[in-house]
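>>> Predicted coordinates and the sequence they were generated for:
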Amino acid sequence: MSAAVILQDVCKVYNNMPVVNHLSLEIQPGEIFGLLGPNGAGKSTTIRMLTTLTKPTSGRIAIAGFDVARDQFRVKQQIGVVLQQMSVDVDLTVWENMEFHGRMHHIPNPRRKREIDRWLEYVELSDRRDDLVKTLSGGMKRRLQIARALLHQPQILFLDEPTVGLDPQTRRRLWEIIKGLNQQGMTMLLTTHYMEEVEYLCDSTFGKSAVPNRIGIMDSGRLIALGTLQELRHKHGEGLVMKQEGDRWNYQFFPTLDEAKAYFEQQPNKAGMMVRPSNLEDIFVELTGRNLD
Ligand code: ADP
């Protein structure tokens, strides 16, 4: 099976500055791919290029086998897009927003009505269908965006920071929706700077799909790490010893947690020391030398 998303040596230059710098990546059908990185890393620009909103300066992008530069129309049919900026019309009702999108995509009735019902139910907004969008909470608006992005039955869903600014409970609810879609076979690329979001959504031990979910860490326009959560932890070390020196912590990675514990036990002075399994944030700090937020 050919890849759902292909980026080959893609660059985007703004004001003579490479914002996306020779990015090559393939996402497989059924995969949920988490693109992680600090603000300014180039994640949104990458999504904007993948979704035809901006053109790459160089390189090639193919979505579901269609070239983004040559076949925009076909690409748009294959993708659903949920961007950071709220793109729903707040002066229309929930139903009218869905109806408008359905008409834009030339979905005929009765299929249009059926699909609107189906997706509003999926995101639990059926009972708000006649309410103006401006009366909805932030989480409800995001769910509406997701329902709308799914209406024309896309193969690939792009989510740019889908839970930014939402409270933890609302975020968890969205995670369940996103995970559920992936379990139904939807290919997804999501960007985030929330570590726990990728750890939860892109855990490759989860899901019925035979395709492992992967994480890419982007920094200054480049992909600096790529793999499943397990691969990234295995590569950088699954055990961690932290040592406080003055007002900063020094991190030392070990291949396994047992090895980290053994090292810890050997230390004559354990004051200011801690041993624990490594996580994605540790790996990010190790790779980039800075925190995400
Ligand atoms: P991220 O989504 O990872 O936070 P972005 O892709 O939004 O990163 O931005 C990457 C860099 O590109 C930033 O330095 C940003 O200022 C710059 N940038 C993004 N869009 C434009 C634009 N339209 N014109 C000029 N610079 C831009």
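It's in. Numbers count the residues shown, from 1 in each chain.

>>> Now do the SS call for the residue nearest the centre of the chain.
Centroid check for the chain by Cα atoms, centre = their mean gives residue 190 as the closest residue, at 1.7 Å. Classification of residue 190 using DSSP: H, G, I helix; E, B strand; the rest coil returns strand.

>>> Near the ligand, which residues of the stretch 51-200 of the chain? Just list them.
For the stretch 51-200 of the chain, the contact set with the ligand under Cβ under 6 Å from any ligand atom is empty. For the C-beta atoms, the positions are set from N, CA and C on the backbone; glycine is no exception.

>>> For the ligand, what's the nearest residue on the stretch 51-200 of the chain?
residue 191 (6.3 Å; Cβ to the nearest ligand atom).

>>> who's that residue bridged to?
residue 35, residue 160 (DSSP bridges).

>>> and it, what is it in contact with?
When contacts are counted by Cβ atoms under 8 Å, 6 or more residues apart in numbering, residue 191 touches 34, 35, 36, 37, 43, 44, 46, 47, 159, 160, 161.

>>> List just the nearest of those residues to residue 9.
Lowest distance from residue 9 to the contacts of residue 191 (Cβ to Cβ) belongs to residue 46, with 13.2 Å.

>>> re earlier: what about the contacts of residue 191, which one has the most neighbours?
Among the contacts of residue 191, the one with the most neighbours (other Cβ atoms under 10 Å) is residue 46, at 30 neighbours.

>>> How about residue 92: what's its closest non-neighbour residue?
residue 133 (6.2 Å; Cβ to Cβ, 6 or more residues apart in numbering).

>>> Does that neighbour touch residue 143 like I think?
No: at 11.2 Å, residue 133 does not count as touching residue 143 under the criterion of Cβ atoms under 8 Å.

>>> Can I get the lengthiest helix in the chain as CSV, trimmed to CA atoms?
Ranked by residue count and defined by DSSP state H, the top helix of the chain is helix 168-183. Extracted C-alpha coordinates of helix 168-183, given in CSV (Å, rounded to 0.1, in the frame of the first residue of the first chain):
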residue,chain,number,x,y,z
PRO,A,168,-8.0,19.1,30.9
GLN,A,169,-11.4,17.4,30.9
THR,A,170,-12.4,18.8,27.5
ARG,A,171,-9.0,17.8,26.2
ARG,A,172,-9.5,14.2,27.4
ARG,A,173,-12.9,14.1,25.7
LEU,A,174,-11.3,15.3,22.4
TRP,A,175,-8.6,12.7,22.8
GLU,A,176,-11.2,10.0,23.0
ILE,A,177,-12.8,11.3,19.8
ILE,A,178,-9.5,11.4,18.0
LYS,A,179,-8.5,8.0,19.2
GLY,A,180,-11.8,6.5,18.2
LEU,A,181,-11.5,7.9,14.7
ASN,A,182,-8.1,6.3,14.4
GLN,A,183,-9.4,3.0,15.6
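
>>> Please report phi then psi for the residue nearest to residue 92.
phi -60, psi -30 (degrees, to the nearest 10).

>>> Helices of the stretch 1-150 of the chain, residue ranges please.
43-50, 72-78, 94-104, 111-122, 138-150 (DSSP state H, counting those that start in this stretch).

>>> Could you break the protein into its assigned domains?
5-89+139-226, 238-277 (automatic domain parsing).

>>> returning to what we had before: among residue 133 and residue 143, which residue is more densely surrounded?
Just comparing residue 133 and residue 143: by other Cβ under 10 Å the higher neighbour count belongs to residue 143, 26 against 19.

>>> Roughly how far does the more buried one sit from residue 163?
According to Cβ to Cβ, to the nearest Å, residue 143 and residue 163 sit 11 Å apart.

>>> returning to that earlier point: among the domains of the chain, which is nearest residue 126?
Of the domains of the chain, the one closest to residue 126 (Cβ to Cβ) turns out to be domain 5-89+139-226, at 10.0 Å.

>>> Fine by me, thanks again.
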